[in-house]
Structure formats: C-alpha cells, structure tokens
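A.B. asks: The following comprises the amino acid sequence and a computationally predicted model.
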Amino acid sequence: MGKFKTIITVLVLLFVASYIISYFLDTEVGDKIAIVPIKGMILGSESSSFLSSNTLSSQDIVTLLQEAEKNDNVKGIVLAINSPGGTVVASKEIVEAIKKTEKPTVAWIREIGTSGAYWAASASDAIVADELSITGSIGVISTLLEFSDLFKEYGVTYEGLKTGEYKDIGSPFKKMTEEERALLLKKLDLIHEYFVEDVSKNRNLPLQEVKDFSNGIYYLGIEAQELGLVDHLGGKELAINITKELANITEADTITYEKKKSWMQALSKITSEGFFFMGKGIGSEAGKIEVKTTPEIFA
C-alpha cells in the first residue's frame, strides 16, 4: 500500500505540474480548427458528480464559442455533438451563440444529436452525422408526477391555499383538470412552433416539410440526410475537412475548447477518483481497471 501511495503522489504532482505549464504557456501557432464538445444533457447550469459527466452548462458552451471566435488562429469550429438535448432556454442560448459566430461552424453528430442538441446543430453551416447516429426528435415534452391516488390509499389529504386560480397547476398532489391540461399543452405548442420555425430557417427547408416530420420521432443519420436534416454522412475527419473548405484553408491543426477547471478543482477530482478506486480494491485487481459502459437509447 505504501508503494501505491507513492505512485499516486507522483502522478498527482506530475498532473499539477503539467496543468500549471499548460495554463500559463500559450503554444498556439498556425491555423487551427476548434473542437467544441457538446456532450450530455443541456442545462442552464452544470450538474454532475465526479463519477459521471452527463450534463453540461449552456453558458459554458457559449463562453467557449466566444473564446474560439476571438482567437485569430482559429479559422473554423467543429461542434462535436453527443447529446439528447435539454431544457428549452439552455438549448436556445447555444443556438443563438452559434448564429452569432462569424467563423465557419460545422456540427458533427457522432452517436446522438436530438431535440435541443439537433436545434443547435441546425444553426451551423453544415451538419455531418454518422449514418447510424440518432438525430432529429424535433418536439417538446413536459412530464409531471401525480400522487393523489396513492395519498388516498394511505389516508393522506391535500389542501392547497392559493391566491390565483392556476397557482398550483401541475401540482403532484392533485389530479390535473382538463382545462389545466389544455392550458399547459397550449404553452408547449407555442414552444414547439418556435422550435420548428427556427429549424426551418436554419436548414432552409419549407416550413410545412419540417412540420411534417416534427412529431418527436428520431431518425437515423441515413434517414435524416434524405429529409434534409443533415448534409453529409461521416465522422470527425470529414467534419474537419468540410470546416477547412468553408474557411478556405488547406492545413490546420485541431484544438479542443473545453471548460477549464482550476488546478484545485482538477486535483480534487483526481484524488477523489483515486480514493474511489482504492475503496473498490484496486490492489486485488492486479493493477487492472476495467470500465464498462452501458449503451443508452433516447427516443
């Protein structure tokens, strides 16, 4: 165990040293293509633990796009999308930031780019998607839990005091009336209409065509291309090459724009993960750590 602690200490010191060097030294020379990852559920603020990174902050993405836009070495931007979408306003903030970007932007959908994430992709100059990726799913959803029948079973009653007729609309403690349901659906329809119209403008597609396939269903990349939702089928290399073409350059290195953590945050993360794996008995695994992932399907 003492030897293991020494190894961990050395790794941490090397990590901190490399972080400090990379933070203070600017080695960017020549033309660059910026890679901006849009990975995970899009929210107004980041919410994730050190064991998972399944959410992202729209404000972080907006900041990264602005940084890439200001960098004279960056000639184009690839949006590396692997996201099922997210909240309406957060998705809209990213869409608006992409539209404000004057440099060529190409969206690359590797596995999933649906709902709000597809909305963001539609604002780019071109979309590249793997032929078996999941795209589209243009629709708006709001889910509400309701416990009133469960409460009745256990003799629990609900009494809501309110000054407005609809102040407790959507409360999980009472059944929703048909009038309340109609009111909420009307609001969702307004959001959906805005979503559809913007995709129509971004993709230069007839509004009625977009309405016809904006029923919430997702499409594989090969289907999305036939519908005009994506431009090209391929991967990261193709997205980079198209970005270079749009930027009128032939050679460029890539640079990834990600949210920078302070060295204290980075150190905290690596030590937390280290102790986590120690707790699982890393020694008994003969130094081998196997990480298994479970595929997820979003509809």
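C.D. replies: Yep, that arrived. Numbering: from 1, shown residues only.
A.B. asks: can you give me the helices in the stretch 101-250 of the chain?
C.D. replies: Listed in chain order, the helices of the stretch 101-250 of the chain (DSSP state H, counting those that start in this stretch) span 116-122, 148-153, 178-203, 207-212, 221-227, 236-246.
A.B. asks: For this protein, which residues score under the pLDDT cut-off?
C.D. replies: The chain contains residues with pLDDT under 70 at 1-28, 46-53, 260-299.
A.B. asks: all strands for it, in order.
C.D. replies: Applying DSSP state E to the chain gives strands spanning 32-39, 41-43, 55-57, 74-83, 105-114, 126-129, 134-136, 218-220, 232-233, 253-256.
A.B. asks: Show me what the last one is packed against.
C.D. replies: With contacts defined as 3 or more Cβ pairs under 8 Å, 6 or more residues apart in numbering; DSSP states H and E, the packing partners of strand 253-256 are strand 32-39. Where you see a C-beta, it was placed from the backbone N, CA and C, and this is true even at glycine.
A.B. asks: send the alpha carbons of the strand it packs on over as PDB?
C.D. replies: What follows is strand 32-39, C-alpha atoms only, in PDB (Å, rounded to 0.1, in the frame of the first residue of the first chain):
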ATOM      1  CA  LYS A  32      -6.500  26.000 -36.000                       C
ATOM      2  CA  ILE A  33      -9.800  24.200 -36.200                       C
ATOM      3  CA  ALA A  34     -11.500  24.500 -32.800                       C
ATOM      4  CA  ILE A  35     -13.400  21.400 -31.500                       C
ATOM      5  CA  VAL A  36     -16.100  22.400 -29.100                       C
ATOM      6  CA  PRO A  37     -17.700  19.300 -27.400                       C
ATOM      7  CA  ILE A  38     -21.500  19.500 -26.700                       C
ATOM      8  CA  LYS A  39     -21.800  16.300 -24.700                       C
END
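A.B. asks: residues contacting the residue of the chain most remote from its centre?
C.D. replies: The C-alpha centroid of the chain is most remote from G155, which lies 43.1 Å away (Cα atoms, centre = their mean). By Cβ atoms under 8 Å, 6 or more residues apart in numbering, G155 lies in contact with nothing.
A.B. asks: what's the distance between the closest residue in space to Y158 that isn't next to it in sequence and N71?
C.D. replies: Excluding its sequence neighbours, the residue lying closest to Y158 (Cβ to Cβ, 6 or more residues apart in numbering) is F173, at 3.9 Å. Distance, F173 to N71, using Cβ to Cβ, to the nearest Å: 52 Å.
A.B. asks: again, but for E146
C.D. replies: Per Cβ to Cβ, E146 is found 50 Å from N71.
A.B. asks: Tell me who's in contact with the nearest residue to L79 once chain neighbours are set aside.
C.D. replies: Nearest-residue entry for L79: A107, 4.5 Å, with adjacent residues in sequence omitted and distances by Cβ to Cβ, 6+ apart. Contacts for A107 (Cβ under 8 Å, 6+ apart) come out as 78-79, 81, 113, 120-122, 124, 126-128, 239.
A.B. asks: Most neighbours out of the residues you listed, which is it?
C.D. replies: Using other Cβ atoms under 10 Å as the neighbour test, these are led by G113, with 36 neighbours.
A.B. asks: ok, it - contacts?
C.D. replies: 81-83, 107, 121, 129, 133-135.
A.B. asks: and the closest residue in space to it that isn't next to it in sequence, what are its bridge partners?
C.D. replies: In space, and not counting its chain neighbours, G113 is closest to I81: 4.3 Å by Cβ to Cβ, 6+ apart. Applying DSSP bridges to I81 gives these bridge partners: I38, I109.
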